[in-house]
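Asker: Below are the sequence and a predicted model for it; my questions follow.
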Amino acid sequence: DGYFACAIIDEDKLLLARDPLGVRYLVYGIRIEEDNLYFASEAKALRDFVPSVELIPPGHYYSSKDDQVHSFKPYTPEPPDFDPEDESGIAHLVKETMLEATHRLMEDQAIGGVALSGGFDSSVVAGIMAKEFGIKFPQFTATIKRTPGPDLPFSKLMAEYLQAPHYITEITDEQILRILPKAVWYLESFDQDCI
């Protein structure tokens, strides 16, 4: 439930596991001459220690027991029992699910603001946080200056409705070009959706 990259050591056995969506990065490498296994959350951390780095794919784990990577079936809760024709029942189920998810995110009290795109989902979460917790969290919106997109006015309306501080960052083409090499360095990916 959620995203993770973890290492579990039990006596002489090691298990490295990565969340099903691949949100957290997990790599490993073996230095054969020393029979040592190294692992990290980014490949560049291993480059001075092992000749090659292997990526643990999303939803997989490495086991030292057989020195193999295996897929695992993540926990999936039973789907709720509901009537697809019952609109009010579905609305209630969606509301309860959103409330539960937001409360779970707030448990560690580490949230200090909301990434408010102005779309439906971020607006609902911002609204729940304001109503349930009575805190006017700062709202942060990022947009491309050249093409701000249709949700920007809605982010402004939502922040005004919540009476919360709203910070808008307009990213320029020059900033994008300047940050690209650093983004690739930190993300270790050329995937345009990630970057």
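Answerer: Arrived safely, thanks for sending.

Asker: List the buried residues for stretch 43-53?
Answerer: By 16 or more other C-beta atoms under 10 Å, the buried positions in stretch 43-53 come out as 43, 46, 50, 53. Just so you know, the C-beta spots here come from the backbone N, C-alpha and C atoms, and that holds for glycine as well.

Asker: Please list the residues outside the lengthiest helix in the chain that contact it.
Answerer: Scanning the chain for the longest helix, with DSSP state H as the assignment, gives helix 87-106. Under the contact criterion C-beta atoms under 8 Å, 6 or more residues apart in numbering, helix 87-106 has outside partners 80, 82-84, 111, 124-125, 128-129, 132-133.

Asker: got it, and stretch 14-32?
Answerer: With C-beta under 8 Å, 6+ apart, stretch 14-32 has contacts from 2-9, 36-43, 46, 49-64, 72, 74, 188.

Asker: on that earlier part again, quick one: the longest helix of the chain to chain centroid distance?
Answerer: On the basis of C-alpha atoms, centre = their mean, to the nearest Å, helix 87-106 sits 20 Å off its chain's mean C-alpha point.

Asker: Stretch 111-122 too?
Answerer: With C-alpha atoms, centre = their mean, you get 14 Å for stretch 111-122.

Asker: What are the buried residues along that stretch?
Answerer: Residues of stretch 111-122 classed as buried: 114, 116-118, 122 (neighbour count, 16+ other C-beta under 10 Å).

Asker: ends of it, how far apart?
Answerer: Stretch 111-122 stretches 14 Å from its first residue to its last (C-alpha to C-alpha, to the nearest Å).

Asker: Fine, thanks again, bye for now.
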